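Novice: Need a 3D model of the following:
(2 chains)
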Amino acid sequence: MTDVFIVGIGIHPFGRTDSLTGLQQGEFAVRAALADANLSWSDMQIAYGGSDAAGKADTLVAQLGQTTLPFVNVLNGCATGGAALFGAYSAIRSGEFDLGIAMGFDKHPRGAFDPRPADWGLPEWYGETGLMVTTQFFAAKLRRYMDLYGITPLTLARVAEKAYHNGSLAPHAWRRTTMNVDAILGSQMLNDPLTKFMFCSPAEGGVALILSSEKKARELGRTRTRIKAVSLRTRPRASFEVFAPYLDLERGGSVSTIASRAAFETAGIGPQEIDVAQLQDTESGAEIMHMAENGFCVDGDQEQWLAEGRTRLDGALPINTDGGCLACGEPIGASGLRQVYENVIQLRGAGGARQVARKVRNAYSHVYGAPGVSAVVILQC
Amino acid sequence: MVFPLPDDIESFEPVELPSRGTLWSYTVQRFPPKSPPYRGAEPFEPFALGYVELPGALIVESRLTEVNFDALRLGLPMELTTAALRTDPDGCVVLSYAFRPARDTGA
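Specialist: All right, here's what the predicted structure looks like:
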């Protein structure tokens, strides 16, 4: 078993790029990552990649070069990027390969994500009566959490305000305009307590990361960014997920908590040693709940943390330093890899105006998606 | 125990659920859901929905009816009823199960 390093990163800006397909945005990211690593496609020994709705990643060999490398397509919902990284990381860690690539991209039509009851094993009446709406799940999970732990709508707005501020400083972000808490609270109510600007939107983009064994990283002189842990987990019994017509009385745990604990155990460090974190923020409340599910604070402490600005760029634990999903949008296949890209930027000290104030040694990322999949990556320099 | 009763009834035994419970969580659907699959009344009216904890059984998702949105809160006693979903062109009124605030304690 070898340690694994990230020796190159590339991104195609998130948002809307009408002139390029999703695959082309993925190709753009791959070329950018290769250039960053000063390597060529023919150096890649294995590839893992995927998109949710924009095509098969392995077809890119036609553009990148038919070197006959093994190229594994990944399809894991919102955790597609995390699963691609998990695959490439495991392959290199095993000692079988020295250099590989994990990539993800997507391009969703406007207002995408149109689920059909039959695809989820649900009866037609579930959709007919208006319950087949993803945002209802986020709102229902959040409403209960807020009432149990004293979280206010102002705190939800502070999360979004921070996201748009950080996004305004990130060249790859989609929404680059700041917004204050009054505008966020005053925007259209979609599913109480969540307003329009507390939700992320489907988007486009691509990300690629080049992974290396320790031996090869030393040859390349690129041993700065070490992967301390990658964990990928599926939901435990009786967890609360989207499109649930019933829940067991005895409530189960959170898949994010399980993935988080596994990653911390592998890395041999705890949440208090993390200097910067990227947490799944499908909506403002998700970031709040994921702060606790990932072990960074006790349930309810988020109210004070946000009021004190502890998760801002100059805070004790900056969270979603590029604006997260709220500012970058969510191209499903690329989203989890964007978090890791941003952490590498922060570890390199290359964040420019969005570089966090504190010194970064350990960086944490967490992606979560339907129907209950989480991936956590811990990087160290 | 699962809800609703699956089509594969060979593997399941129907159980009658309690018709009263308490509100476990809730939200309000303020915008028209995508149609299809949604087939509600036109024009769209916002509606409440949530999860009702049925003691000794399970927590069931349901539309909530006959309630002021501002009156919704965790733990609110609820009871089973029906609510009109839409009227089909043939005049047939389509109903859905729903929960409303309990009108007495049932004692």
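
Novice: so what's the closest residue to chain A within chain B closest to, chain neighbours aside?
Specialist: Per Cβ to the nearest Cβ, B:P37 is where chain B lies closest to chain A, at 2.6 Å. C-beta here means a position set from N, CA and C on the backbone, and glycine is covered the same way. Nearest residue to B:P37 in three dimensions, chain neighbours excluded: A:G127, at 2.6 Å (Cβ to Cβ, 6 or more residues apart in numbering or on different chains).

Novice: I'd like to know how far the one you found sits from A:V133.
Specialist: Look at A:G127 and A:V133: by Cβ to Cβ, to the nearest Å, they are 9 Å apart.

Novice: just B:E13 next, same as before
Specialist: Going from B:E13 to A:V133 by Cβ to Cβ gives 31 Å.

Novice: More neighbours: which of those two?
Specialist: A:V133 (25 against 7; other Cβ atoms under 10 Å in any protein chain shown).

Novice: quick one: the more buried one and B:P33 touch, right?
Specialist: Yes - between A:V133 and B:P33 there is a contact under Cβ atoms under 8 Å: 4.9 Å.

Novice: Could you look up the SS state of whichever residue of the stretch 51-200 of chain A sits closest to chain B?
Specialist: Nearest residue of the stretch 51-200 of chain A to chain B (Cβ to the nearest Cβ) works out as A:G127 at 2.6 Å. Of the three states, A:G127 takes helix under DSSP: H, G, I helix; E, B strand; the rest coil.

Novice: Which residues are in contact with it?
Specialist: The contact partners of A:G127, taken as Cβ atoms under 8 Å, 6 or more residues apart in numbering or on different chains, are A:R116, A:P117, B:P36, B:P37, B:Y38, B:R39.

Novice: Pretty sure A:G206 sits in a strand.
Specialist: Yes - according to three-state DSSP, A:G206 belongs to a strand.

Novice: Read off the pLDDT value for it.
Specialist: pLDDT for A:G206: 98.

Novice: How about A:Q188?
Specialist: pLDDT recorded at A:Q188 is 98.

Novice: What is the neighbour count of it?
Specialist: By other Cβ under 10 Å, the residues close to A:Q188 number 9.

Novice: what does B:A71 give?
Specialist: 9.

Novice: ok, residues contacting stretch A:347-354?
Specialist: Here stretch A:347-354 has contacts from A:166, A:169-170, A:224-225, A:313, A:321-322, A:345, A:355, A:360, A:363, A:379-381, using Cβ under 8 Å, 6+ apart.

Novice: which one of these sits closest to chain B?
Specialist: Nearest to chain B among those, with distances taken as Cβ to the nearest Cβ, is A:N166, at 27.5 Å.

Novice: Next up, the contacts around that closest one.
Specialist: By Cβ under 8 Å, 6+ apart, the residues touching A:N166 are A:A173, A:L313, A:N320, A:T321, A:D322, A:G323, A:G324, A:A327, A:R354.

Novice: what helix or strand is it on?
Specialist: helix A:153-168 (DSSP states H and E).

Novice: list the buried ones in that helix?
Specialist: A:153, A:155-168 (16 or more other Cβ atoms under 10 Å in any protein chain shown).

Novice: right, and the helix or strand after it?
Specialist: Note on helix A:153-168: by DSSP H and E, the next helix or strand toward the C-terminus is helix A:181-186.

Novice: Skip ahead from that following helix and say which helix or strand is next.
Specialist: Going down the chain from helix A:181-186, the next helix or strand is strand A:189-191, by DSSP H and E.

Novice: That following strand and chain B, any residue contact?
Specialist: Yes - against chain B, strand A:189-191 shows contacts by Cβ under 8 Å from any Cβ of the partner chain at A:M189, A:L190, A:N191.

Novice: Look up how far A:P371 lies from the residue lying farthest from the centre of chain A.
Specialist: Each residue of chain A has a distance to the centre, and by Cα atoms, centre = their mean the biggest one is for A:W125: 33.0 Å. Per Cβ to Cβ, A:W125 is found 20 Å from A:P371.

Novice: Which residues of chain A lie near chain B?
Specialist: A:114, A:116-117, A:123-133, A:136, A:139-141, A:143-144, A:147-148, A:188-193, A:244-249.

Novice: repeat that with 6 Å
Specialist: Counting by Cβ under 6 Å from any Cβ of the partner chain, chain A comes close to chain B at A:114, A:117, A:127-130, A:132-133, A:136, A:139-140, A:143-144, A:147, A:189-192, A:245-247, A:249.

Novice: Which entries within the residues you listed meet the buried criterion?
Specialist: A:117, A:127-130, A:132-133, A:136, A:139-140, A:143-144, A:189-192, A:245-247.

Novice: what number of residues lie near the residue lying closest to B:P18 once chain neighbours are set aside?
Specialist: Spatial nearest neighbour of B:P18, chain neighbours left out: B:L54 (4.5 Å); criterion: Cβ to Cβ, 6+ apart. Neighbour count for B:L54, taken as other Cβ under 10 Å: 23.

Novice: how many other residues sit next to residue 25?
Specialist: In the absence of a named chain, this looks at chain A. For A:Q25, using other Cβ under 10 Å, the count is 26.

Novice: if you could check chain B rather than the one you did, that'd help
Specialist: 25.

Novice: And the pLDDT for residue 83?
Specialist: Using chain A. Looking at A:A83, its pLDDT reads 92.

Novice: wait, I meant chain B there
Specialist: 96.

Novice: Give the helix, strand or coil label for residue 60.
Specialist: Since no chain was named, I'll use chain A. Relying on three-state DSSP, one would call A:L60 helix.

Novice: actually it's chain B I care about, not the one you picked
Specialist: When classified by three-state DSSP, B:V60 comes out as strand.

Novice: In the contacts of stretch A:347-354, find the pair that's most separated.
Specialist: In the contacts of stretch A:347-354, two members sit farther apart than any others by Cβ to Cβ. They are A:L169 and A:Q380, at 24.4 Å.

Novice: Close to chain A: what parts of chain B are there?
Specialist: Within chain B, the positions near chain A by Cβ under 6 Å from any Cβ are B:3, B:25, B:27-31, B:33-34, B:37-40, B:58-61, B:74, B:96.

Novice: For ChimeraX, write a command that selects the buried ones of these.
Specialist: Selection command for ChimeraX covering only the buried members of the residues of chain B next to chain A, criterion 16+ other Cβ under 10 Å:
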select /B:3,25,27,28,29,30,33,34,37,38,39,40,58,59,60,61,74,96
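
Novice: Just the residues of chain B next to chain A: which are in strands?
Specialist: Among those, the residues falling in strands (DSSP state E) are B:S25, B:T27, B:V28, B:Q29, B:L58, B:I59, B:V60, B:E61, B:S96.

Novice: what does stretch B:89-102 rub up against?
Specialist: A:129, B:52, B:62-67, B:76-87 (Cβ atoms under 6 Å, 6 or more residues apart in numbering or on different chains).
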